[in-house]
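**Student:** when you get a sec, could you give me coordinates for this:
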Amino acid sequence: IYVNDLLKKLHEHQIGVYIDDIYLGVPTVTDDVSLLSNHTDEAQWMVEIASEYARQERYSLNPVKTDAATFGKTPEDQPKSTWILDNEVIREKDSISHLGLSHSNRTPTNQQLVEDKITLLNKTCYSLMGTGLHGHNGAGPRIAFCIYRCYVLPRVVYGLAAVHLSRKQTDQLEDAHRRILRQIQNLPERTSRSAIYLLIGSLPFEGVLHLSQLSLFNNIIHSGNQTLLDLCTRQLSMKTFTSDSWFVSITKILQQYDLPSPLQLLDSETEKTKLKTMFKKAVHSFWTHKMQNDCSTKTTLSYVNKEVLNTERPHPVWKTVSSNGPDVQRSYVKARLLTDSYMLEYHHAKFRTNTKSSGYCPLCALSIEDRKHFLIDCSVLYTARDLHIDRIRNLVMKSVSPQGWQAIVDDQEKYLSLILDCTSLKNHELKRLTTGDLEELECLTRLYCYALHLARLKNLQSCSNSTQPQLTARSKSTRSSTARRVRR
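**Tutor:** Below you'll find the model as predicted:
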């Protein structure tokens, strides 16, 4: 420890911030020292002691790298404070940075920190685009999420575990986190929020932040630092449940995940690694069940197997995707169909009120174009459908008889479940298939969906091209007749 003697000296002089009889005047990390005081003169005295100690130890304090800030309400008629270090005035700033975190006395508490973190998230993601961290034409959602989880998320979460954020500030960070996950998966904005997290196997930002806070509390418990332990005990004993104290927020987090109270954890002798495992398991279990229940209420996710959705592993729709570009493109179509965010005429009629779409299929015009019609019924897409269904049937018939296959085809709900998420049948019709067979079936159904996607686009383009010459001819004929009338 570089300046331990200085810390002891300031403590012996009893200058700086106290909470009851707990001295907190000089929070220090390595050689980065902060001097905290409730009085201007006392703060100047602390600066002089630090400067004198530096001269004795033959090093210098740089006034240019030293900043001062006043936090909290001050009387309007009170003159602006000034502090002197080695005959030079220390700059007083509205915002200062300590250990990489910005603190401002002008914006609401921690608001500047939240805004800086969102900016940092965007800049870091942009700098990693060359590695494939983007949605369309990226390295694939699974790889992109690994990059995001390892290199972006830790930078954003750093320091937030030690501050108390409001609900609004947490929501701002949540929105930024969810936006990146949605873009990685190339999903539209109207996709269910729970599906965005569970398909890729991620916690919401609130869960990530809670894990970081519980990890910090675990470090405090096992730090052996008596000052921190005394402060923890004091705050937990004296603060009410409505307080903004960080330790009270830890109490609320532990209650949310049905974990022992902070005082019980302080008195217990549980090993640090066991506590870490317990925290991680409780947080992931809570958010998995909460978002699974939310998915069960969404009609757009009716064909998703909720049992395989969790916050630790990606869904097979992403897990089985290779890193080559064509397979990634096919997976985007499959994921949109799975979450009912693939734009069909049914959605045009439902969401775009300024259009005159009836919702009927533009290819066959026989029925409403929804997922069922697109994947099973549309007669125009029969050829594209027939190219891939044989391979799917041959694989499924490893587990069922020909009559069983016909039963699946006749039951449109099961047939759609087979195409969109074959894992929903793994305990019934597909129970004899191995894990490898299910992964192969997922790849085959991905090819099936993409073939229908291409066939639909091709037919729509053909329809558009076939009507264009007629419109042009009609336009030329109109112009000719107009010219004749003018000549007459």
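**Student:** right, and residue 389 touches residue 448 too?
**Tutor:** Yes - with contact defined as Cβ atoms under 8 Å, residue 389 counts as touching residue 448 (7.2 Å). No exception for glycine: its C-beta is placed from N, CA and C like everyone else's.
**Student:** the more surrounded of the two?
**Tutor:** A direct count of neighbours by other Cβ atoms under 10 Å for residue 389 and residue 448 places residue 448 higher, at 22 against 14.
**Student:** so who does that one touch?
**Tutor:** For residue 448, the contact set (Cβ atoms under 8 Å, 6 or more residues apart in numbering) comprises 385, 388-389, 392, 419.
**Student:** show me which of these are buried.
**Tutor:** Among those, those scoring as buried are 385, 388, 392, 419 (criterion: 16 or more other Cβ atoms under 10 Å).
**Student:** return the residues in contact with the last one.
**Tutor:** Residue 419 sits next to 375, 445, 448-449 when contact means Cβ under 8 Å, 6+ apart.
**Student:** swap in 10 Å and give it another go.
**Tutor:** 303, 334, 337-338, 371, 375-376, 389, 392, 441, 444-446, 448-449, 452 (Cβ atoms under 10 Å, 6 or more residues apart in numbering).
**Student:** out of these, who's nearest residue 112?
**Tutor:** residue 338 (40.1 Å; Cβ to Cβ).
**Student:** so how many other residues sit close to that closest one?
**Tutor:** Counted with other Cβ under 10 Å, residue 338 comes out at 23.
**Student:** so how far is residue 444 from it?
**Tutor:** The spacing between residue 338 and residue 444, counted by Cβ to Cβ, to the nearest Å, is 15 Å.
**Student:** go on, residue 193?
**Tutor:** Separation of residue 193 from residue 444 (Cβ to Cβ) stands at 30 Å.
**Student:** give me the more crowded residue out of the two.
**Tutor:** residue 444 (20 against 16).
**Student:** quick check, that one in a strand?
**Tutor:** No - under DSSP: H, G, I helix; E, B strand; the rest coil, residue 444 falls outside any strand and is assigned helix.
**Student:** that one contacts residue 392, correct?
**Tutor:** Yes - using Cβ atoms under 10 Å, residue 444 is in contact with residue 392, at 5.1 Å.
**Student:** shared neighbours of these two, anything?
**Tutor:** Common neighbours of residue 444 and residue 392 (Cβ under 10 Å, 6+ apart) are 419, 422.
**Student:** can you give me phi and psi for residue 67?
**Tutor:** phi -120, psi 160 (degrees, to the nearest 10).
**Student:** burial check on it, number of neighbours?
**Tutor:** Counted with other Cβ under 10 Å, residue 67 comes out at 14.
**Student:** how close does the residue nearest to the spatial centre of the chain sit to residue 339?
**Tutor:** In the chain, the residue lying closest to the centroid (Cα atoms, centre = their mean) is residue 177, at 3.4 Å. Distance, residue 177 to residue 339, using Cβ to Cβ: 19 Å.
**Student:** how far does stretch 197-205 sit from the chain's center?
**Tutor:** 7 Å (Cα atoms, centre = their mean, to the nearest Å).
**Student:** average pLDDT for that stretch?
**Tutor:** Stretch 197-205 carries an average pLDDT of 96.
**Student:** neighbouring contacts of stretch 12-24?
**Tutor:** Contacts for stretch 12-24 (Cβ under 10 Å, 6+ apart): 7, 9-11, 25-27, 34-39, 41-43, 45-46, 49, 226-228, 230-231, 233-235, 238.
**Student:** mind exporting that stretch as PDB, just the C-alpha atoms?
**Tutor:** Provided in PDB are the C-alpha atoms of stretch 12-24 (Å, rounded to 0.1, in the frame of the first residue of the first chain):
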ATOM      1  CA  GLU A  12      -5.400  10.300  13.800                       C
ATOM      2  CA  HIS A  13      -6.200  14.000  13.200                       C
ATOM      3  CA  GLN A  14      -9.900  13.000  13.100                       C
ATOM      4  CA  ILE A  15     -10.600  15.200  10.100                       C
ATOM      5  CA  GLY A  16     -12.900  14.100   7.200                       C
ATOM      6  CA  VAL A  17     -16.300  12.500   7.000                       C
ATOM      7  CA  TYR A  18     -17.600  10.300   9.700                       C
ATOM      8  CA  ILE A  19     -20.800   8.200   9.900                       C
ATOM      9  CA  ASP A  20     -21.300   7.900  13.600                       C
ATOM     10  CA  ASP A  21     -17.900   6.700  14.800                       C
ATOM     11  CA  ILE A  22     -16.900   5.100  11.500                       C
ATOM     12  CA  TYR A  23     -14.200   7.100   9.700                       C
ATOM     13  CA  LEU A  24     -14.700   7.400   5.900                       C
END
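**Student:** mind listing the strands for the chain?
**Tutor:** Ranges of strands in the chain, per DSSP state E, are 18-19, 22-23, 28-29, 32-33, 67-68, 84-85, 88-89, 91-92, 95-98, 101-104.
**Student:** in a markdown table: those, plus mean pLDDT and distance to residue 136.
**Tutor:** Formatted as a markdown table, these follow (pLDDT from 0 to 100; distance: least, Cβ to Cβ, whole Å):
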| stretch | mean pLDDT | distance to residue 136 |
| --- | --- | --- |
| strand 18-19 | 88 | 53 |
| strand 22-23 | 88 | 54 |
| strand 28-29 | 81 | 42 |
| strand 32-33 | 81 | 43 |
| strand 67-68 | 85 | 44 |
| strand 84-85 | 86 | 54 |
| strand 88-89 | 84 | 54 |
| strand 91-92 | 80 | 46 |
| strand 95-98 | 76 | 36 |
| strand 101-104 | 72 | 34 |
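**Student:** residue 307: which of the ones you listed is closest?
**Tutor:** Nearest to residue 307, of these and by Cβ to Cβ, is strand 101-104 at 41.0 Å.
**Student:** ok, residue 118 touching residue 177?
**Tutor:** Yes - between residue 118 and residue 177 a contact is recorded at 9.4 Å, counting by Cβ under 10 Å.
**Student:** between these two, what contacts are shared?
**Tutor:** residue 156.
**Student:** residue contacts, residue 103?
**Tutor:** Shown in contact with residue 103 (Cβ under 10 Å, 6+ apart): 69, 71, 93-97, 109-110, 112-113, 163.
**Student:** give me the lowest-pLDDT entry from these.
**Tutor:** pLDDT is lowest at residue 109 among these; the value there is 70.
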